[in-house]
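Undergrad: here are the coordinates; sequence isn't available:
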């Protein structure tokens with residue numbers, strides 16, 4: 001995913017092909033049965049052609065017979081946004097990229113189980129990222145998790161080292177403003193937390209293991225603060241992507257509280273994931289680029305693992 005900051009239409013016109021610009025920015029539609037990804041069956045992830053945001057996985061793609069690539073679900077709740085479209089004298093639901101707002105296609109209520117949805121997407125609005133075919137039961141269903149635990153430089157460094165974590169990116173989550181930048185978030189007025197989005201292979205690392213790392217490496221008892229970093233953007237928060245993640249996070253939080261692992265109450269928020277806005281490029285993998293850079297994160301409590309390891 002690229003920087004979430006908005007471009008001017010002139011900038012979009014410069015960086016997109018004429019066909020991409022017509023669909024993504026002018027809300028056009030390519031002719032059916034002509035798109036590159038209509039009759040396409042590789043395993044991987046479909047990205048927004050404008051900004052690189054992950055949108056749909058090959059595991060949700062199906063042949064709808066309509067002439068456009070079709071999916072029964074996006075990769076997560078923060079991948080796309082839906083808007084009412086009355087442009088043709090009928091009510092349709094438009095699908096846009098949640099990261100850059102570009103038009104992708106439309107969604108209809110005539111898809112297969114389990115969602116009953118058909119996300120009808122223009123090929124020209126997509127890019128494809130191939131995913132290596134793993135052994136049976138391995139690497140074929142990547143998942144996302146997101147955490148806020150203070151300065152995102154250090155949080156990303158901790159999670160990136162976990163075996164089974166495929167990728168990480170830092171950004172802003174949990175706020176009300178759209179397309180925030182670092183300076184805005186630092187004011188505390190946007191409501192966003194500095195967050196890390198983790199893409200992981202559940203065949204190699206469980207969500208529970210990610211939670212253990214989360215609670216081991218920061219202080220979840222200090223409200224809106226981690227060490228010298230003070231402000232709501234540094235709050236302790238877990239952004240859950242589905243019911244299983246929410247239930248596991250709540251259960252683990254309760255177990256830690258009952259075991260009195262910490263001397264003060266846990267103030268960690270557990271909330272549904274909303275839009276994740278990618279931070280500026282210089283923040284990505286910051287401590288890899290600057291090995292001696294600032295980091296306040298260190299192992300807080302080995303008791304976390306003792307209490308939770310048997311509960312995975």
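TA: That came through, no problem. Since the model is a prediction, treat every value here as computed from it, not as a measurement. Numbers count the residues shown, from 1 in each chain.
Undergrad: if you count contacts, what does the biggest helix by length in the chain end up packed against?
TA: Identified as the longest helix of the chain according to DSSP state H is helix 243-258. Applying 3 or more CB pairs under 8 Å, 6 or more residues apart in numbering; DSSP states H and E, we find helix 243-258 packed against helix 207-216, strand 236-240, strand 269-272, helix 303-308. In short, each C-beta sits where N, CA and C put it, glycine included.
Undergrad: and the helices in the stretch 151-300 of the chain?
TA: Under the criterion DSSP state H, counting those that start in this stretch, helices of the stretch 151-300 of the chain are mapped to 152-160, 182-186, 207-216, 243-258, 286-289.
Undergrad: list the buried residues of the first one.
TA: Neighbour-count burial for helix 152-160, counted by 16 or more other CB atoms under 10 Å, picks out 152, 153, 154, 155, 156, 157, 158, 159, 160.
Undergrad: what lies in contact with stretch 219-234?
TA: Stretch 219-234 has contacts (CB atoms under 8 Å, 6 or more residues apart in numbering) with 148-151, 172, 185-186, 188, 191-194, 218, 235-236, 262-268, 296-297, 300.
Undergrad: run the chain-centre distance for that stretch.
TA: Centroid displacement of stretch 219-234 relative to its chain, using CA atoms, centre = their mean, to the nearest Å, is 23 Å.
Undergrad: enumerate the positions of that stretch that are buried.
TA: Neighbour-count burial for stretch 219-234 flags 219, 220, 221, 222, 225, 226, 227, 229, 232, 233, 234 (criterion: 16+ other CB under 10 Å).
Undergrad: what's the average pLDDT for that stretch?
TA: Averaged across stretch 219-234, the pLDDT comes to 93.
Undergrad: also stretch 245-259?
TA: 94.
Undergrad: can you list the low-confidence ranges for the chain?
TA: Within the chain, the segments meeting pLDDT under 70 span 1-6, 131-140, 299, 312.
Undergrad: what residues go with each domain of it?
TA: Split into domains by automatic domain parsing, the chain comes to 9-130, 143-311.
Undergrad: re the thing from before, okay if I get the buried residues of helix 152-160 as CSV plus distance to residue 93?
TA: Shown next, in CSV, are the buried residues of helix 152-160 (distance: CB to CB, whole Å):
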residue, distance to residue 93
152, 33
153, 39
154, 40
155, 35
156, 35
157, 40
158, 39
159, 35
160, 37
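Undergrad: which stretches of the stretch 51-200 of the chain form strands?
TA: Listed in chain order, the strands of the stretch 51-200 of the chain (DSSP state E, counting those that start in this stretch) span 54-57, 61-62, 70-71, 80-85, 92-97, 103-108, 118-121, 126-130, 143-149, 165-173, 193-200.
Undergrad: can you list the strands that the third one pairs with?
TA: Yep, that's strand 70-71 we're talking about. strand 61-62 (antiparallel), strand 118-121 (antiparallel) (DSSP bridges).
Undergrad: now the fifth one
TA: For strand 92-97, the paired strands and their directions (DSSP bridges) are strand 80-85 (antiparallel), strand 103-108 (antiparallel).
Undergrad: wait, which of those is closest to residue 32?
TA: strand 103-108 (11.6 Å; CB to CB).
Undergrad: report how many residues lie close to residue 105.
TA: By other CB atoms under 10 Å, 26 other residues sit near residue 105.
Undergrad: surely it is in contact with residue 126?
TA: No. Taking contacts as CB atoms under 8 Å, residue 105 lies outside contact range of residue 126: 9.5 Å.
Undergrad: ok so, going back, pick the most buried one from the strands paired with strand 70-71.
TA: The highest mean neighbour count among these, using mean count of other CB atoms under 10 Å, belongs to strand 118-121: a mean of 25.
Undergrad: quick check on the most far-flung residue of the chain relative to its centre: phi, psi?
TA: Distance from the C-alpha centroid of the chain peaks at residue 89, with 34.4 Å (CA atoms, centre = their mean). Dihedral pair for residue 89: phi 80, psi 10, per degrees, to the nearest 10.
Undergrad: quick check: buried residues in stretch 163-182?
TA: The neighbour-count check on stretch 163-182 (16+ other CB under 10 Å) flags 165, 168, 169, 170, 171, 172, 173, 174, 175, 179, 180, 181 as buried.
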